[in-house]
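# starting from these lines, generate the structure:
(2 chains)
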Amino acid sequence: MNANILLIPVMLPLAGGILCLLIPKKVRWFREGLSILIAALSTITAFFIFFREIPGLHYNFLEFEKFNLHLDMVISPMSAFILLFITGFVFLVSIYSLSYFSHDNNPKEYPAFLLFALGGSCGVVTADHFLLFLIFWEIVTVSLYFLISTGGKDATKGATKTFAMLGGADGCLLLGIGLCWFMTESFTISQLNIPINGWMPVIAFLLMMTGAIAKAGAMPFHTWIPDASDSAPPPVMAVLPASIDKLLGIFLLVRISTSIFIITPSLGLVLMIIGAVTIIWAVMVAMVQHDLRRLLSYHAISQVGYMFLGIGTMNPIGLAGALFHMLNNSIYKNCLFLSCGAIKKRTGTTNLADLGGLAKVMPLTFTACLVSSLAISGVPPFNGFASKWLIYQGILDTGLKGSYIFLIAAMFGSALTLASFLKVIYSVFLGSKTRQAEKVKKEVPPAMAVPMLILALLCLLFGVWYALPLDNMINPAIGTSVVVGGSWNSTMASLLMAVGIILGLSIYLVGRLRKSARFVGSFIGGEKLDSETGRINGTHFYLTIKEMPFLRILYDFQEKGFFDPYNWLGKLGADITRVLRKIHNGMLSWYLSWSLAGIVILLGILFFT
Amino acid sequence: MNTISIPLLIVIPLGTAFLIPLIARKKRFIADILGSAATLALLVLSILLFRYQGVYSIGGWEPPIGISWVQDGFSNLMLVIVSLISFCATLFSVQYMERYTSKHKYYSLFLLMVTGMNGVILTGDMFNLFVFLEIAAVASYALVAFGGEHEELEASFKYLVLGSVGSSFILLGIALLYGMTGYLNMAAIANNLPDSNTMLLMLATVFFIVGFGIKAALVPFHAWLPDAHPSAPAPISAMLSGVLIKALGIYALTRILFNVIGVSKLYGGVLITLGTLSMVIGVFLAVGQWDFKRLLAYHSISQMGYVVLGLGIGGYILASDGNIHAGTLAILGGLFHLTNHSVFKSLLFLCSGSIEYSTGTRELKEMGGLGTRMPVTRATCTIASLSIAGVPPFNGFWSKLLIVIAAIQGGYHWLAVITILVSFVTLISFLKVLRYTFLGELPEFLKQIKESPKSMLAPLIILAILCMGMGLLLIPGIKEVILDPASAVLIKGAQYAQDALVLH
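Down below sits the predicted model:
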């Protein structure tokens, strides 16, 4: 196979994106057709790359003064499967977007920057030169900014915050790359293998980790995701922050912690702590959200915690779990955001209080959403369970004294996730219909339903035949063979859970069949009850948690933006600016005296050294 | 092409500057045509002369007594930048300046300013440098005040006072050098300077740093710029921020420091300090502004800091015989950033002019949602914003990358950190610009606005294409032709004196 095939999924979308921007706004079919065609071609190429051995690509591009930029691309087992999923997701979402964007609201930028994001992401996973990697990485960031901006006039704040935070993190990444160069004089990623001793490798690692954290959205650089989700179109959230950004962020994190650096256990512990805190806190914030998009985005943050936890264990099982979870998360999270988009398309809102009883009119969306909710909560036989299981085992295998704390955090987080999605399923699909939901008459068009169902099917497939992705994708990527099993038997647990479910169902059914319970309508003095007032609002489910003594303070801080580095840095910058502006008072004499002071200082320096 | 073409670079703008008030007083379109034709001719000429290096002696008087004009790699690069930006600015002025009276005076002053800049770039004689410097500076004082309103006059006055202080220091410095060597020719001065750093030479250097520092608006000599640049008409702001501070400030300072006096570790250190101060203070002042052009003006201070930092690191490393690769890379990065900055900053100022032309306001808070009505301005302004923020693959990224890598190669990790931090704040600042101008909701009183006329959009598009494509200047084959000759002049330092005498 020719190595140039690696250029197809990178260059083709980038060229297509430019073309999309150049053609006039009216030719909608061409733009959309082009984006689907290119995404399909890239997916096919990705399949080829996945199944064949592809040699690396190397073109000398720039080289002067020990600075170089080569077009180096290699494909590793890990990048091969990530490439496959990136292209696949973009393909599915571009089909979905055909119907999502209505006739009068189809931003020209959307297909163009979707293609840019595709090209950039494919570049990130194949690049073998750090500067090339950085350029592609930044292309993804910029595309995300423009994609969020397509959400209309309310999206500006979220888009700005996203670009600001990711841009800052990319700056850290560049600095990390620079330090790596200083230590090794090389930009070639596959040649790097830096042992962590002394302060410089640690700083370089932490800087690059910051880039990965912000991209993947772990704490403390997670705050752009909820703000972006407020007004970005759900397909945008589905394709980038929920899936591709996770793939890229974790891809970078795995590379820096397994091959670029040889990390020490203490750095692993740092990753695990970040992971555990992210899991618990993000899910607790998610539980009390009233908006579906915001709720989902906090879960997107929480799930990253598992991957950090898995990578932090530094053993093959944990790593395999993290990679597998990254894959699974991107599938179900994508599906969840797409169903959120379907709900928004039909009802015009994502506010949980305004939704209800949609299961009957939107059965396909309900199925997809239910399956992915169960998957994210780690219920067998869906994929989330298998990968979480591996991560639990990885935590146990670390042999750390306090590893039980991490295990409890992970399991507790999983339970809270389930609780949170009970709220989602109930408030959106079950119960009686609200006024908003009454208006919905039919299911979303097939172009939207099919991608969701495909993703839901994948959730089931990867849950039942977890060996399939594990043997073909994850194990080659980490170079060892990990099997689900070990000290805790997952089959046993699945069986126990199944027995539990069957038992519960049979108790319910027995009760109904024997008619031991009596069902009557509510009686309120003969008044007729309309569906709205009789309804139990799902948004009230977990409000009591917010009132708990210690948690109340934390939630209070959260609402004031206390955990948001963006606010902190913003305030700091504003203070510096205020001081500086105060001394720029417009008085000429004042300005002249600065120049004078400058001269005196310069003279002083030059004469006394 | 031969030596005789060199004076054309001065004669064309100077001649046209005097021709326009004579024949175009009544007919505006003649002024438009003559103005644009002159700058176009300069652009073509400077590109044709690009590979040429030589010395022209005025009136046949031989150096070191006569005045000579020297063309080398560095001046060639600067000439192309000046001509390019002036051409775009004149093209933009055709429509934009319709609102002002006496267009012929405008073009006349404009071309005088170009004459001054070309002269500063070409001259190989100290006093001639001062003369051209004053021609450009005085023309720019008048252009800043061109609107004639209270705000413009006040800004122009501040600029005038500080600018004159700067010029006086430069003149003092020239006098000291003349007193020490008895020559005014730069090459001759360089050959005859005392080897050791005497008190007088140091004093002269301080005067040059202060004088040119004021012209280049380096912190703490920057205070005139944020008043002067926004007050001028938009194409003039583009010229001032895009090329004037570079030609009169950075170019002249580096020419004298590197080629005449000779850079030492101390001067390198001073340049690094001034550059870092300008970068940091400029950007933090910029991010808090709500006047579009004022924000851009503060960014000019900050971006000039990058250029001076790059040149300073290069000078320091070369003087201390350190890592020669890092030194070369730093100087290359500094010069490349100078080139890039002139393109994207003039583009930004022209965009602000285009917005002001349509909406009548410069206040960011009063705008919003302009993207739907002004798609071309939005696209070009976005490109320029991403360029200045250093986002790949636009041109600003490459030059900042070179400076960061050079700083790290040279072992100045903290400077790399500061550079990236400033770049980050720049990004925030321009995200703010984009958010408040083009995104969001269109205010009621702007519902009727239209995109600017085509003749104003043409220069925007030209500059935006350059922003996207200038990263290619680093490609092997192109880099050797365009950037390397310029950086070689600075790296070789004292070699200039030999070249300037021999080439003649």
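# residues contacting the residue lying closest to residue B:245 once chain neighbours are set aside?
The spatial neighbour of residue B:245 that comes closest, neighbours along the chain excluded (Cβ to Cβ, 6 or more residues apart in numbering or on different chains), is residue B:216 at 5.1 Å. Every C-beta, even on glycine, is put in place using the N, C-alpha and C of the backbone. Residue B:216 makes contact with B:245, B:246, B:248, B:249, B:250, B:253, B:304, B:308 under the criterion Cβ atoms under 8 Å, 6 or more residues apart in numbering or on different chains.
# can you tell me how far residue B:216 is from residue B:244?
Here the criterion is Cβ to Cβ, to the nearest Å. By it, residue B:216 lies 10 Å from residue B:244.
# go on, residue B:424?
Distance from residue B:424 to residue B:244, counting by Cβ to Cβ: 28 Å.
# which one's more surrounded, these two?
Neighbours around residue B:424 and residue B:244, counted as other Cβ atoms under 10 Å in any protein chain shown, are more numerous at residue B:244. The numbers are 29 against 22.
# the more buried one contacts residue B:141, correct?
No - the pair residue B:244 / residue B:141 is not scored as a contact, 11.2 Å apart, by Cβ atoms under 8 Å.
# among the contacts of residue B:216, name the ones in helices.
Counting by DSSP state H, the contacts of residue B:216 place B:253, B:304, B:308 in helices.
# low-confidence ranges, the stretch 451-600 of chain A, go.
Scanning the stretch 451-600 of chain A for pLDDT under 70 picks out A:482-493, A:514-517, A:519, A:522, A:528-535.
# how about the residues of it by chain B?
Counting by Cβ under 8 Å from any Cβ of the partner chain, the positions of the stretch 451-600 of chain A adjacent to chain B are A:573-574, A:576-578, A:580-581, A:584, A:586, A:588, A:590-592, A:594-595, A:597-599.
# quick one, longest helix in chain B?
helix B:324-359.
# so which other helices or strands are in contact with that one?
With contacts taken as 3 or more Cβ pairs under 8 Å, 6 or more residues apart in numbering or on different chains; DSSP states H and E, helix B:324-359 sits against helix B:73-96, helix B:234-239, helix B:292-319, helix B:375-388, helix B:395-409, helix B:454-469, helix B:479-492.
# ok and the last one relative to helix B:395-409, angle-wise?
By that I understand helix B:479-492. Relative orientation of helix B:479-492 and helix B:395-409, computed by axes from the mean of the first three to the mean of the last three Cα atoms, to 10 degrees: 40 degrees.
# what does the fourth one give?
Taking the same axes, to 10 degrees, one finds helix B:375-388 and helix B:395-409 inclined to each other by 0 degrees.
# centre of the chain to helix B:375-388, how far?
20 Å (Cα atoms, centre = their mean, to the nearest Å).
# can you name every helix or strand that that helix contacts?
When contacts are defined as 3+ Cβ pairs under 8 Å, 6+ apart, helix B:375-388 sits against helix B:324-359, helix B:395-409, helix B:413-437, helix B:454-469.
# any chance of the ones you listed in CSV with distance to residue B:34 and mean pLDDT as columns?
Shown next, in CSV, are the helices and strands packed on helix B:375-388 (distance: least, Cβ to Cβ, whole Å; pLDDT from 0 to 100):
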stretch, distance to residue B:34, mean pLDDT
helix B:324-359, 21, 91
helix B:395-409, 32, 91
helix B:413-437, 34, 91
helix B:454-469, 16, 92
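# identify each buried residue in stretch B:171-180, please.
Using 16 or more other Cβ atoms under 10 Å in any protein chain shown as the test for burial, stretch B:171-180 gives B:171, B:172, B:173, B:174, B:176, B:177, B:180.
# of all the residues you listed, which comes closest to chain A?
residue B:172 (11.2 Å; Cβ to the nearest Cβ).
# so the closest one sits against residue B:206, correct?
No - taking Cβ under 8 Å as the definition, residue B:172 is not a contact partner of residue B:206, at 9.9 Å.
# how about the residue of the stretch 351-500 of chain A found nearest chain B, phi and psi?
Here the residue of the stretch 351-500 of chain A nearest chain B is residue A:351; by Cβ to the nearest Cβ that distance is 21.4 Å. Dihedral pair for residue A:351: phi -80, psi 120, per degrees, to the nearest 10.
# and the nearest residue to it once chain neighbours are set aside, what are its phi and psi?
Leaving aside its sequence neighbours, residue A:351 sits nearest to residue A:291 (Cβ to Cβ, 6+ apart; 5.7 Å). Main-chain torsions, residue A:291, degrees, to the nearest 10: phi -110, psi 130.
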